[in-house]
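> Below are the sequence and a predicted model for it; my questions follow.
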Amino acid sequence: MPKIKTSRTRQPPEGWDDIEPTLEDFAQKMREAENDPHEGKRKTEALWPIFRLHHQRSRYVYELYYKRKAISRELYDYCLKQGFADGNLIAKWKRGGYEKLCCLRCIQSKDTNFGTACICRVPKNKLEEDRVVECVHCGCRGCSSGD
């Protein structure tokens with residue numbers, strides 16, 4: 001007879017009570033963004049609020065751990081494992097030139113026509129002054145660190 005798998009939920013580390021309300025707010029906003037009607041929008045425009053909330057939630061955890069040093073490593077790892085923050089995106093934020101990166105799709109060259117980075121990665125001083133830049137993938141208006 002096969003063993004029955006039971007779900008063992010680990011107790012959250014110390015300090016979880018301090019950040020849980022904010023993460024719950026992000027979860028509620030994410031549910032609202034997922035359920036918003038998308039009639040009259042382009043297919044990619046419907047996903048823009050979700051990308052923005054994902055970025056904000058990951059940035060919140062990143063700043064708590066790396067900038068303000070308000071949470072422990074154990075709590076930071078717990079947040080990454082539970083999906084409250086994107087570890088790959090945070091890893092890019094730690095590298096030079098990617099401090100303001102909005103999403104990982106903007107630096108994937110296979111998603112663009114000419115095999116380059118997204119238009120939002122170009123510094124604003126290199127673009128025409130009257131041109132409004134808006135990323136096709138996430139709706140970002142410029143996430144280049146050289147702005």
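In hand now; what should we look at?
> Without its sequence neighbours, what residue ends up closest to the spatially most central residue of the chain?
By CA atoms, centre = their mean, the chain has its centre lying nearest to His55, at 2.5 Å. By the measure of CB to CB, 6 or more residues apart in numbering, the closest residue to His55 outside its immediate chain neighbours is Cys102, 5.6 Å from it. Where C-beta positions appear, they are placed from N, C-alpha and C, glycine not excepted.
> Would you check how far apart the one you found and Glu20 are?
25 Å (CB to CB, to the nearest Å).
> again with Glu14
Counting by CB to CB, the gap from Glu14 to Glu20 is 12 Å.
> same thing with Arg10?
Computed as CB to CB, the Arg10 to Glu20 distance reads 15 Å.
> Select the longest helix from this structure.
For the chain, the longest helix by residue count, based on DSSP state H, is helix 16-35.
> Quick check, Gly146 in contact with Pro123.
Yes - with contact defined as CB atoms under 8 Å, Gly146 reaches Pro123; the gap is 4.0 Å.
> which regions of this protein sit below the pLDDT cut-off?
1-9, 147 (pLDDT under 70).
> Residue ranges of each domain in it, please.
Structural domains assigned to the chain are 19-94, 100-146, following the TED database.
> which ones are touching Asp77?
By CB atoms under 8 Å, 6 or more residues apart in numbering, the contact list for Asp77 is empty.
> Now it. Its backbone dihedrals?
With angles defined as degrees, to the nearest 10, Asp77 sits at phi -60, psi -40.
> Check Asn113 too.
Reported as degrees, to the nearest 10, the phi and psi values for Asn113 are phi -70, psi -40.
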